[in-house]
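J.: With the sequence up front, the predicted model follows.
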Amino acid sequence: MTILEVKNLKKTYTTRFGGNQVQALKNVNFSIEEGEYTAIMGESGSGKTTLLNILAALDRPTGGSVLLDGRDISRIKDADLSVFRRNHLGFVFQEFNLLDTFSIRDNIYLPLVLGGKHHRQMEALLEPLAAKLGIKELLDKYPYEVSGGQKQRAAVARALITNPRLILADEPTGALDSRSTDELLRLFGTVNEDGQTILMVTHSVKAASHANRVLFIKDGEVFHQIYRGKDTNQQMYEKISSTLTMLSAGGEEQ
Ligand SMILES: Nc1ncnc2c1ncn2[C@@H]1O[C@H](COP(=O)(O)OP(=O)(O)OP(=O)(O)O)[C@@H](O)[C@H]1O
């Protein structure tokens with residue numbers, strides 16, 4: 001079943017003084033099936049953040065459409081957008097975005113509190129998730145008391161607790177050391193094997209090599225894509241590296 005369908009997506013920024021226009025997305029087309037784990041890569045300025053912001057319904061496209069479960073998200077009224085995001089999407093950011101004045105538990109509960117859930121319902125949702133993510137002993141700590149890797153696991157719990165249709169991750173390993181990166185990638189792998197659909201923007205070849213499919217964006221268009229097939233992470237890593245080399249050399253698709 002198709003979860004996300006991006007059709008002829010365009011985004012043109014007009015600079016503040018009106019004169020210059022930047023075509024950040026020219027014509028982006030792809031779709032994501034339920035249960036897929038996809039990475040999006042591309043050089044700086046290729047349009048990845050612009051794309052992610054539109055998929056997250058944080059920005060509106062200039063043209064084309066984004067359908068989540070068949071619903072055109074650019075037609076959702078501004079007043080309904082935050083509820084839409086909370087109900088359908090989970091976010092994992094490079095900088096974790098946890099609130100320092102809330103315990104880890106309350107950070108994870110936040111989307112449920114905003115959604116009006118009762119305490120007992122929240123507890124029932126958190127317990128199995130905390131066990132699965134290995135964060136039970138962290139729940140009563142505060143973000144400044146735990147490591148970066150632990151913060152990111154808490155952020156993953158916050159993203160998953162609403163049981164979203166799609167996880168959008170923006171450079172999720174960008175602020176992690178190599179051990180925590182490995183842990184997070186293992187976690188994403190497990191979460192995906194359990195059926196969660198993940199879309200991750202990353203510069204990290206290692207992170208992307210854990211995905212089952214990698215889309216390469218160049219100059220505001222999907223330039224190329226790689227499917228894992230039966231490849232190991234190491235084989236994916238090598239394929240991704242050589243594609244990036246070809247992209248930066250400005251070469252033609254082979
Ligand atoms: N608010 C904005 N106003 C004008 N131009 C913008 C704006 N945001 C992005 N751009 C331009 O749009 C293009 C795509 O930018 P975007 O941030 O989406 O790229 P990116 O692939 O995410 O880059 P990076 O990997 O460095 O984060 C760039 O040329 C950028 O300068």
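T.: Arrived safely. Residues are numbered from 1 along each chain as shown.
J.: Find the nearest non-adjacent residue to Asn233, please.
T.: Leaving aside its sequence neighbours, Asn233 sits nearest to Ser209 (CB to CB, 6 or more residues apart in numbering; 4.8 Å). C-beta here means a position set from N, CA and C on the backbone, and glycine is covered the same way.
J.: And for Arg179?
T.: Gly149 (7.1 Å).
J.: list the contacts for that neighbour?
T.: Gly149 makes contact with 176-177, 179-180, 183-184 under the criterion CB atoms under 8 Å, 6 or more residues apart in numbering.
J.: Weed out the non-buried ones from the residues you listed.
T.: The neighbour count (16 or more other CB atoms under 10 Å) marks 176, 180, 183-184 as buried among the contacts of Gly149.
J.: Make JSON lines from these and add secondary structure and distance to Gly134 to it.
T.: JSON lines is the format used below for the buried ones among the contacts of Gly149 (DSSP: H, G, I helix; E, B strand; the rest coil; distance: CB to CB, whole Å):
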{"residue": "Leu176", "secondary structure": "coil", "distance to Gly134": "15"}
{"residue": "Ser180", "secondary structure": "helix", "distance to Gly134": "12"}
{"residue": "Glu183", "secondary structure": "helix", "distance to Gly134": "9"}
{"residue": "Leu184", "secondary structure": "helix", "distance to Gly134": "12"}
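J.: Got the phi and psi for the residue in the stretch 51-200 of the chain that the ligand sits nearest to?
T.: The nearest approach of the stretch 51-200 of the chain to the ligand comes at Leu51, 6.7 Å away (CB to the nearest ligand atom). Backbone torsions for Leu51, taken as degrees, to the nearest 10, come to phi -60, psi -50.
J.: name the element the residue nearest to Arg179 belongs to?
T.: Assigned by DSSP states H and E, Gly149 belongs to helix 148-160.
J.: can I get the CA coordinates of that helix in CSV?
T.: Extracted in CSV, the C-alpha atoms of helix 148-160 (Å, rounded to 0.1, in the frame of the first residue of the first chain):
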residue,chain,number,x,y,z
GLY,A,148,23.4,12.2,23.1
GLY,A,149,22.7,8.7,22.1
GLN,A,150,20.2,8.3,25.0
LYS,A,151,18.5,11.6,24.1
GLN,A,152,18.1,10.4,20.6
ARG,A,153,16.5,7.1,21.8
ALA,A,154,14.1,9.2,23.9
ALA,A,155,13.4,11.3,20.8
VAL,A,156,12.6,8.1,18.8
ALA,A,157,10.2,7.0,21.6
ARG,A,158,8.5,10.4,21.4
ALA,A,159,8.2,10.0,17.6
LEU,A,160,6.8,6.5,17.9
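J.: Go through it and flag the buried ones.
T.: 149-160.
J.: Between which two of those residues is the distance greatest?
T.: Gly149 and Leu160 (16.6 Å; CB to CB).
J.: just to revisit the earlier point, the residue of the stretch 51-200 of the chain closest to the ligand: neighbour count?
T.: 28 (other CB atoms under 10 Å).
J.: again with the one 3 residues further on
T.: Neighbours of Ile54 under the rule other CB under 10 Å: 25.
J.: any residues touching the lowest-mean-pLDDT helix or strand in the chain, and which ones?
T.: Least confident helix or strand of the chain, by mean pLDDT, DSSP states H and E, is helix 78-88 with a mean of 90. For helix 78-88, contacts defined as CB under 8 Å, 6+ apart pick out 56-57, 68-69, 73, 76, 91, 111, 114-115, 162, 164-166.
J.: And those residues, which of them are buried?
T.: 56-57, 68, 73, 76, 91, 111, 162, 164-166.
J.: Reformat these into TSV and put distance to the ligand, secondary structure and pLDDT next to each item.
T.: Shown next, in TSV, are the buried ones among the contacts of helix 78-88 (distance: CB to the nearest ligand atom, whole Å; DSSP: H, G, I helix; E, B strand; the rest coil; pLDDT from 0 to 100):
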residue	distance to the ligand	secondary structure	pLDDT
Ala56	13	coil	92
Ala57	16	coil	91
Leu68	20	strand	94
Ile73	18	helix	93
Ile76	21	coil	91
Phe91	16	strand	93
Pro111	25	helix	91
Thr162	26	coil	93
Pro164	22	coil	95
Arg165	23	coil	94
Leu166	19	strand	96
